[in-house]
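# A predicted structure for the sequence below; I have some questions about it.
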Amino acid sequence: MQKSARDMVLSLALIVLAAGVVWLFIPHTDGEPEVKRVDYRVDLLTARRAASYPVAAPEGLPETWKPTSVRYRGTEDEAWHLGFRTPEGEYAAVEQSAGKREAFIEDKTQRAEETGATQRIDGETWTRYEGDQYDALVLEGTPGSTTVVTGTASFAEMTKLAEALRTE
């Protein structure tokens, strides 16, 4: 009985030692993983040629704004998406579409509610939306398309993104 207990303890010690060695050789990263920056220039040019509305993208944002996702769907809704990781580590995106305005806003803001508050950015009126997951700024007065700046970012960061938007 003593010999089998001794063998079990030695086996367990050997397993723990082997696991420790393996753990030492596996790379460990501290904190959040590095977010990859995407190059959206080609997608932007393609979208601007194909879309029936002026496609917006930021110009002059600092390098701390990392573009993380881009896509253009040229189907009937002509949806443009450009997502960023903000300097504060949050998410902000430019969303545009020629589809149905109300459904598009509801989808892209994840059902955020219109607050009734507006703000002027570069001479244009943007309406604020607040939600459980995303907040948003929605550009008013753009017949034929809808432009939304949305995400988990603060309204200050979303305003900075909206200020940088250019259509050509």
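Great, that's in hand. Computed from a predicted structure; not experimentally measured.

# Need the phi and psi values for Gly74.
According to degrees, to the nearest 10, the main-chain angles of Gly74 amount to phi -90, psi 20.

# roughly how far apart are it and Gly89?
Using Cβ to Cβ, to the nearest Å, we find Gly74 at a distance of 32 Å from Gly89. In this view, the C-beta of every residue, glycine as well, is placed from N, C-alpha and C.

# Compare the two (neighbour count), which wins?
In this view Gly74 and Gly89 are compared by other Cβ atoms under 10 Å, and Gly74 has more residues nearby, 14 against 11.

# Just the pLDDT at the residue nearest to Ala50 when sequence neighbours are not counted, thanks.
Nearest residue to Ala50 in three dimensions, chain neighbours excluded: Gly74, at 5.0 Å (Cβ to Cβ, 6 or more residues apart in numbering). Turning to Gly74, the model gives it a pLDDT of 88.

# And the residue nearest to Pro62 when sequence neighbours are not counted, which helix or strand is it part of?
Here the nearest residue to Pro62 in space, its sequence neighbours aside, is Pro87; by Cβ to Cβ, 6+ apart that works out to 7.1 Å. If you go by DSSP states H and E, Pro87 is not part of any helix or strand.

# List the contacts of Pro87.
Residues touching Pro87, when contacts are defined by Cβ atoms under 8 Å, 6 or more residues apart in numbering, comprise 62, 64-65, 157.

# Could you list which of these belong to helices?
Glu157 (DSSP state H).

# ok, the contacts of Pro87 vs Arg41, which is closest?
For the contacts of Pro87, the closest approach to Arg41 (Cβ to Cβ) belongs to Trp65, at 15.0 Å.

# Report pLDDT for the closest one.
pLDDT for Trp65: 97.

# Look up how far Gly141 lies from the closest residue to it other than its chain neighbours.
Nearest non-adjacent residue to Trp65, counting by Cβ to Cβ, 6+ apart: Phe84, 5.1 Å away. Counting by Cβ to Cβ, the separation of Phe84 from Gly141 is 25 Å.

# higher neighbour count, the two?
When Phe84 is set against Gly141 and neighbours are counted by other Cβ under 10 Å, the residue ahead is Phe84, at 27 against 6.

# So for the more buried one, what's the pLDDT?
The confidence metric pLDDT takes the value 97 at Phe84.

# That one and Ala93: what is the separation?
Taking Cβ to Cβ, one finds Phe84 at 7 Å from Ala93.
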